[in-house]
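Participant: Quick one, what's the 3D model for this:
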Amino acid sequence: MIIVELKTDTTIQYDAIHSLGDNFMNIIGTNRHIITVLLSLLTATVSLPVSGQETSHSCGSADVHNANVSYGKVTDIDGNAYKTVTIDRLVWFAENLRSTRFQNGDSIPNVPDSAAWSVLKSPGMCSYRNDPTFDCPQGKLYNQHVALDERNPCPLGWRVPTIADFNNLINTFDPDANGGAPSSLPNSAGGALKNVGSRYWSAPNPNATNVSGFSAIPNGGRANSGAFSSSNDRTASYWYASQVGPGMGFFLELAYTQDFAVRNAYWAEYGVCIRCVQDLPTSINETGMSTTHVFPNPADESLHLTVASTLIGSEYVVSDLTGRVVLRGSIHAESVIVSIADLHVGMYLLSIPNAKTNVIKVVKR
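Facilitator: Coordinates of the predicted model:
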């Protein structure tokens with residue numbers, strides 16, 4: 001437990017998975033409004049950056065992730081750890097859910113029997129082929145009743161993605177994809193979301209780059225009849241918290257033969273995986289920031305920083321969420337181009353120490 005005392009004689013307590021270190025206070029100083037907002041991001045279920053990025057899965061499986069992406073970390077109610085990744089304005093699980101309980105502690109029924117699975121009209125889960133060794137790294141298989149349940153299988157502060165969430169994810173990597181709607185195929189978003197190579201995916205897995213850090217790996221599935229798919233190296237499928245109609249739901253599907261991201265639909269009794277998501281505040285501002293703007297955001301190569309004339313001659317500072325300064329430069333005009341080409345994909349905080357307040361969340365993609 002870390003306790004932070006504010007100037008307003010108010011004490012805020014929060015649980016932190018990782019310590020931010022001494023640099024935390026160097027970034028935010030004594031600005032109580034910025035402290036309050038930043039602490040709201042650091043509950044026990046909020047993603048924090050992991051130093052020393054590597055490609056291994058949180059459960060130990062090798063070659064799952066993109067070493068050039070900055071991942072966070074979160075744990076579920078069972079204590080399972082997951083890597084997370086910031087994509088546009090959302091933070092996503094970069095690994096498939098393995099939780100056996102809802103947020104309130106209620107168990108998600110494990111249903112190994114095929115006949116029982118086929119008639120289930122309530123939440124149910126299982127391991128692929130009823131073999132828990134597949135849970136690492138492929139996660140549990142859930143029917144859509146779990147995804148729709150108000151008790152929520154995701155950690156506190158997280159949710160099962162909606163259509164809007166998945167549309168944002170897909171369209172970030174192909175603006176013409178229309179959220180993966182079948183009528184808009186083909187698109188190229190799937191390659192940006194998929195784990196590379198053939199360690200997990202059957203060949204050819206074309207154009208897979210995992211530039212997003214989403215790290216989709218194939219998971220197998222369970223039909224509404226209760227039968228398991230014959231292979232677990234051909235498709236990655238994730239439930240939406242959205243129904244097509246009574247008894248049917250949407251899911252995102254990625255396949256080994258193509259680089260499409262497809263919004264598909266099937267019976268709610270189908271067993272596929274779940275990724276969790278949470279919103280990320282786009283900026284941390286208070287009075288005085290109305291004349292400071294950063295665009296585009298997210299950005300690939302550079303940011304355009306516009307400021308009031310009174311800030312000319314000041315310094316801008318870009319830090320990661322651990323407080324490490326990764327970039328700094330001078331503001332020599334009301335409009336400045338800030339190159340972020342050498343930064344890893346992820347979220348950063350841009351500040352102007354000479355201004356009254358200045359912390360703006362920027363995303364490198």
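Participant: Helices of the chain, start to end?
Facilitator: Along the chain, counting by DSSP state H, helices occupy 23-28, 32-40, 114-118, 135-138, 144-148, 163-173, 189-193.
Participant: what about stretch 237-255, how long is it end to end?
Facilitator: Taking CA to CA, to the nearest Å, stretch 237-255 runs 9 Å from one end to the other.
Participant: Tell me the spacing between residue 89 and residue 151.
Facilitator: Distance of residue 89 to residue 151, computed by CB to CB, to the nearest Å: 26 Å. Bear in mind the C-beta positions are built from the backbone N, C-alpha and C, glycine included.
Participant: If you count surrounding residues, which of these two has more?
Facilitator: Just comparing residue 89 and residue 151: by other CB atoms under 10 Å the higher neighbour count belongs to residue 89, 16 against 13.
Participant: contacting residues for that one?
Facilitator: Neighbouring residues of residue 89 by CB atoms under 8 Å, 6 or more residues apart in numbering: 168, 279, 280, 282, 363.
Participant: Have a look at those residues and tell me the least confident one.
Facilitator: Of all those, residue 282 carries the smallest pLDDT score, 48.
Participant: what's the neighbour count on residue 293?
Facilitator: Neighbours of residue 293 under the rule other CB under 10 Å: 14.
Participant: my bad, residue 296
Facilitator: Look at residue 296: counted by other CB under 10 Å, it has 13 neighbours.
Participant: So for it, what's the pLDDT?
Facilitator: In this model, residue 296 is scored at 87, pLDDT.
Participant: Quick check: the gap between it and residue 147.
Facilitator: Residue 296 is 33 Å from residue 147, by CB to CB.
Participant: For beta bridges, what are the partners of the nearest residue to residue 213 once chain neighbours are set aside?
Facilitator: Excluding its sequence neighbours, the residue lying closest to residue 213 (CB to CB, 6 or more residues apart in numbering) is residue 69, at 3.4 Å. Beta-bridge partners recorded for residue 69 (DSSP bridges): residue 345.
Participant: ok, now how distant is residue 69 from residue 255?
Facilitator: Distance of residue 69 to residue 255, given as CB to CB: 23 Å.
Participant: Pick out whichever of those two has more residues nearby.
Facilitator: residue 69 (24 against 19).
Participant: The more buried one contacts residue 347, correct?
Facilitator: No. If you go by CB atoms under 8 Å, residue 69 and residue 347 don't touch, sitting 11.1 Å apart.
Participant: The longest strand along the chain versus helix 163-173: what angle between them?
Facilitator: What stands out as the longest strand in the chain, according to DSSP state E, is strand 235-245. Here strand 235-245 runs at 140 degrees with respect to helix 163-173, directions being taken by axes from the mean of the first three to the mean of the last three CA atoms, to 10 degrees.
Participant: Might you calculate how far strand 235-245 sits from the centre of the chain?
Facilitator: 17 Å (CA atoms, centre = their mean, to the nearest Å).
Participant: Give me the residues contacting that strand.
Facilitator: In contact with strand 235-245 (CB under 8 Å, 6+ apart) are residues 96, 142, 144, 146-148, 159-163, 166, 194, 216-221, 229, 249-256, 263-265, 268, 272-275.
Participant: so where's the protein shaky on pLDDT?
Facilitator: Scanning the chain for pLDDT under 70 picks out 1-53, 281-291, 321-323, 354-358.
Participant: Give me the buried subset of the contacts of residue 89.
Facilitator: Among the contacts of residue 89, those scoring as buried are 168, 280, 363 (criterion: 16 or more other CB atoms under 10 Å).
Participant: can you list these in a markdown table and add distance to residue 127?
Facilitator: Converted to a markdown table, these look like this (distance: CB to CB, whole Å):
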| residue | distance to residue 127 |
| --- | --- |
| 168 | 30 |
| 280 | 31 |
| 363 | 35 |
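Participant: Strands of the stretch 101-250 of the chain, residue ranges please.
Facilitator: Remark: strands assigned in the stretch 101-250 of the chain by DSSP state E, counting those that start in this stretch are 125-126, 141-142, 235-245, 248-255.
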